[in-house]
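> predicted model, plus sequence, below.
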Amino acid sequence: MCLSHIDVSLSFFPSFSFPSTLWISMEKYPQAFDLTEQRYVAVKIHQLNKNWRDEKKENYHKHACREYRIHKELDHPRIVKLYDYFSLDTDSFCTVLEYCEGNDLDFYLKQHKLMSEKEARSIIMQIVNALKYLNEIKPPIIHYDLKPGNILLVNGTACGEIKITDFGLSKIMDDDSYNSVDGMELTSQGAGTYWYLPPECFVVGKEPPKISNKVDVWSVGVIFYQCLYGRKPFGHNQSQQDILQENTILKATEVQFPPKPVVTPEAKAFIRRCLAYRKEDRIDVQQLACDPYLLPHIRKSVSTSSPAGAAIASTSGVSNNSSSN
């Protein structure tokens, strides 16, 4: 990882007080109180590799600022809010994020291994709602790094609200780079978390591979499978290097389901739709949001005011003010 957390003089933050620390995505963030807005925030301090040439640092800053400008404009109850970002010096910068208690889904799965289908479906419904929002804004956004470590469980349990974080690898589907037929070129091939990326991200050729929001759909299928079975569907015991060297994902033509625990045929069919090997055969985000596996539970959840159901029932999700069970 090119970034690391550093100690920094509090003189950089005249508007904040720092009472304690906060854990998000298994990384330690200083927790601060914003004296201007009167709210707790999470402050993440990043340091660039000091051995980088000035040109590389400048390019990284340019890329980071672009991504943070995008994230700052996002406004959805299932997405961690980015309040601000700024440089500290030539080698470090800071992001100020929405304060979230609890742990991430990765931490939960390491503690509990798996969860019930009802709990897993609730989490997936909320993730899908956020993805629907990301694909309805202009320009649309591919998250590209959906994984348990980037899914925050607000109250630390599997039956409450979730928030998606970390847009560092996100892709903007603007008119210059994206078309509805071919998608967009993957310009950062090799980045990301390989267990959660689809086969098209690993294709090597004269031209960069083409991707679309179906990358995030594949990630949803992997996350759902992992929540239900306590293991990843492809490359579970492999390192990222082994996955790349052995072409594990390129060979992942069909998902296999263990006999235990018992999972409904409808859930398995949903996973197969998400993990269709050819992207042409895979559902997209809009189809995912209307998937028959989710829709009956959405209607039922709305009638009982479930946070997950209320969230996904909202067309854009921006005005959703649902609360935890």
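Ah, there it is.

> contacts and neighbour counts: CA atoms only from here.
OK.

> buried ones in whatever helix or strand Ala269 lives in?
Ala269 belongs to helix 265-274 when assigned by DSSP states H and E. For helix 265-274, the neighbour count (16 or more other C-alpha atoms under 10 Å) marks Ala267, Lys268, Phe270, Ile271, Arg272, Arg273, Cys274 as buried.

> tell me the buried residues in the helix or strand that comes right after it?
Per DSSP H and E, helix 265-274 leads on to helix 285-289 as the next helix or strand towards the C-terminus. If you call a residue buried by 16+ other C-alpha under 10 Å, then helix 285-289 has these buried ones: Val285, Gln286, Leu288, Ala289.

> hey, where'd the strands end up in the stretch 51-200 of the chain?
Taking DSSP state E, counting those that start in this stretch to define them, one finds strands in the stretch 51-200 of the chain at 82-89, 92-98, 103-104, 141-142, 151-153, 162-164, 171-172, 178-179, 183-185.

> of those, which shows the lowest average pLDDT?
Note on the strands of the stretch 51-200 of the chain: strand 178-179 shows the lowest mean pLDDT, a mean of 60.

> out of the strands of the stretch 51-200 of the chain, which is closest to Ser212?
Of all these, strand 183-185 sits nearest to Ser212, with 5.0 Å by C-alpha to C-alpha.

> counting contacts, what elements does the closest one pack onto?
Applying 3 or more C-alpha pairs under 8 Å, 6 or more residues apart in numbering; DSSP states H and E, one finds that strand 183-185 contacts strand 210-211.

> what's the strand it packs on packed up against?
strand 183-185.

> okay, Thr21: pLDDT?
pLDDT, read off for Thr21, is 43.

> just Thr304 next, same as before
As predicted, Thr304 sits at a pLDDT of 42.

> please apply the same query to His46.
Note on His46: pLDDT of 75.

> phi, psi of it?
Here is the backbone geometry of His46 (degrees, to the nearest 10): phi -120, psi 150.

> picking that back up, closest one of the buried residues of helix 265-274 to Lys147?
Nearest member of those to Lys147, counting by C-alpha to C-alpha, is Cys274, at 14.5 Å.

> quick check: the closest one touching Ile223?
No: if you go by C-alpha atoms under 8 Å, Cys274 and Ile223 don't touch, sitting 10.4 Å apart.

> is it fair to say Val41 lies in a helix?
No: under DSSP: H, G, I helix; E, B strand; the rest coil, Val41 falls outside any helix and is assigned strand.

> just give me the neighbour total for the nearest residue to it once chain neighbours are set aside.
Leaving aside its sequence neighbours, Val41 sits nearest to Tyr99 (C-alpha to C-alpha, 6 or more residues apart in numbering; 4.4 Å). When neighbours are counted by other C-alpha atoms under 10 Å, Tyr99 registers 20.

> now do Tyr277, the pLDDT please.
On pLDDT, Tyr277 comes in at 98.

> quick one, phi/psi of it?
Per degrees, to the nearest 10, the backbone of Tyr277 is at phi -60, psi -50.

> quick one: mean pLDDT over the helix holding Ala269.
The model assigns helix 265-274 a mean pLDDT of 98.

> off-centre distance for that helix?
Averaged C-alpha coordinates place helix 265-274 at 21 Å from its chain's average position (C-alpha atoms, centre = their mean, to the nearest Å).

> helices and strands around it, which ones?
Packing partners of helix 265-274 (3+ C-alpha pairs under 8 Å, 6+ apart): helix 214-229.

> mind listing what's buried in the helix it packs on?
So, applying 16+ other C-alpha under 10 Å, buried residues of helix 214-229: 214-229.

> in CSV, list the C-alpha atoms belonging to it.
Output in CSV follows, covering the C-alpha atoms of helix 214-229 (Å, rounded to 0.1, in the frame of the first residue of the first chain):
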residue,chain,number,x,y,z
LYS,A,214,-21.2,-5.1,-14.1
VAL,A,215,-17.8,-5.2,-12.2
ASP,A,216,-19.7,-4.1,-9.1
VAL,A,217,-22.5,-6.7,-9.8
TRP,A,218,-19.8,-9.5,-9.7
SER,A,219,-18.5,-8.1,-6.4
VAL,A,220,-22.0,-8.2,-5.0
GLY,A,221,-22.2,-11.9,-5.9
VAL,A,222,-18.9,-12.7,-4.3
ILE,A,223,-19.8,-10.8,-1.1
PHE,A,224,-23.2,-12.5,-0.8
TYR,A,225,-21.6,-15.9,-1.4
GLN,A,226,-19.0,-15.2,1.3
CYS,A,227,-21.6,-14.1,3.8
LEU,A,228,-23.6,-17.3,3.3
TYR,A,229,-20.8,-19.8,3.1
